[in-house]
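> structure for the following, please:
(2 chains)
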Amino acid sequence: NAGVMQNPRHLVRRRGQEARLRCSPMKGHSHVYWYRQLPEEGLKFMVYLQKENIIDESGMPKERFSAEFPKEGPSILRIQQVVRGDSAAYFCASSPIRSSGMYTQYFGPGTRLTVL
Amino acid sequence: AQTVTQSQPEMSVQEAETVTLSCTYDTSESDYYLFWYKQPPSRQMILVIRQEAYKQQNATENRFSVNFQKAAKSFSLKISDSQLGDAAMYFCAYRGAYRDDKIIFGKGTRLHILP
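Next up is the predicted model:
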């Protein structure tokens, strides 16, 4: 059973460009979470999605950031008009059902975004 | 709001020795879960150990064990017989049992293993 897949692993963008990060959850998982890790920091929650629904986006910046998890295909985290402060590692995690505590969120390897 | 604090940015331990990483948290919830994650240079997040707050018995996974003090809101990780492969960032994390789906992470402790 393949784990959570994220691509690309490394992404370089110039200021003002768009960044699109993809996450394919584990097989059978319908819940996806995105976290951001700034340099020398812990991971911070951004958004929680089910298929075609955003459940909790309380950690998402209000502007330039959006996320989706369509019925078919991977979840996408989109950052428009990137700025240097967006440089970070972005992690995706998935779980089989709404993760009430003990059910583990399985993490992908992350995408490292560098904004020049 | 829940918070997780790791007061040791870096620690070093001699190979084969024992080391304890500290973590405190703050919450008003009565039921929750606590985790320790390991992040090696590959940056992959690896779950090391987890603890249910309603269980008094401390969790153990091979060389890894925790000291869970609910009243003090303390959750330390003990690594016995440290190995070179244990070198990594270690994150303490919290998750509510009912309402919250997100995991709240501390800032991490970088552990160095000295040969």
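> grab the nearest non-local neighbour of the most centrally placed residue in chain A.
Central residue of chain A (Cα atoms, centre = their mean): A:Trp34, 3.4 Å from the mean position. Spatially, and ignoring its direct neighbours in sequence, A:Trp34 is nearest to A:Met46 (4.4 Å; Cβ to Cβ, 6 or more residues apart in numbering or on different chains). In this view, the C-beta of every residue, glycine as well, is placed from N, C-alpha and C.
> go on, A:Arg64?
A:Gln80 (4.7 Å).
> ok, now B:Ala59?
For B:Ala59, the spatially nearest residue (Cβ to Cβ, 6+ apart) is B:Gln51, at 4.6 Å.
> now that neighbour: which helix or strand?
For B:Gln51, the element it lies in under DSSP states H and E is strand B:46-52.
> that strand - contacts with which helices or strands?
If contacts are counted by 3 or more Cβ pairs under 8 Å, 6 or more residues apart in numbering or on different chains; DSSP states H and E, strand B:46-52 sits against strand B:32-39, strand B:60-61, strand B:64-69, strand B:74-79.
> returning to that earlier point: neighbours of the residue nearest to B:Ala59, how many?
19 (other Cβ atoms under 10 Å in any protein chain shown).
> sorry, back to before: could you dump the strand holding B:Gln51 to PDB, C-alpha only?
Extracted in PDB, the C-alpha atoms of strand B:46-52 (Å, rounded to 0.1, in the frame of the first residue of the first chain):
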ATOM      1  CA  ILE B  46       7.500   9.600  11.400                       C
ATOM      2  CA  LEU B  47       5.200   8.800  14.300                       C
ATOM      3  CA  VAL B  48       7.400   7.600  17.200                       C
ATOM      4  CA  ILE B  49       4.800   7.100  20.000                       C
ATOM      5  CA  ARG B  50       1.400   8.200  21.100                       C
ATOM      6  CA  GLN B  51      -0.500   8.500  24.300                       C
ATOM      7  CA  GLU B  52      -4.200   8.700  25.100                       C
END
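> give me the sheet partners of that strand and which way each runs.
Within its sheet, and counting by DSSP bridges, strand B:46-52 is paired with strand B:32-39 (antiparallel).
> other residues contacting the partner strand?
By Cβ atoms under 8 Å, 6 or more residues apart in numbering or on different chains, the surrounding residues in contact with strand B:32-39 are A:101-102, B:2, B:21, B:23, B:25, B:45-53, B:64, B:66, B:68, B:75, B:77, B:86, B:88-97, B:103, B:105, B:108.
> show the buried residues in the residues you listed.
A:101, B:21, B:23, B:25, B:45, B:48-53, B:64, B:66, B:68, B:75, B:77, B:86, B:88-97, B:103, B:105, B:108 (16 or more other Cβ atoms under 10 Å in any protein chain shown).
> just confirm A:Ile54 contacts A:Val47, I think it does.
Yes - counting by Cβ atoms under 8 Å, A:Val47 is a contact partner of A:Ile54 at 6.5 Å.
> mutual contacts of these two, please.
Jointly contacting A:Ile54 and A:Val47 under the rule Cβ under 8 Å, 6+ apart are A:Ala67.
> ok, the residue nearest in space to the middle of chain B to chain A distance?
Central residue of chain B (Cα atoms, centre = their mean): B:Trp36, 3.2 Å from the mean position. B:Trp36 sits 12 Å away from chain A, going by Cβ to the nearest Cβ, to the nearest Å.
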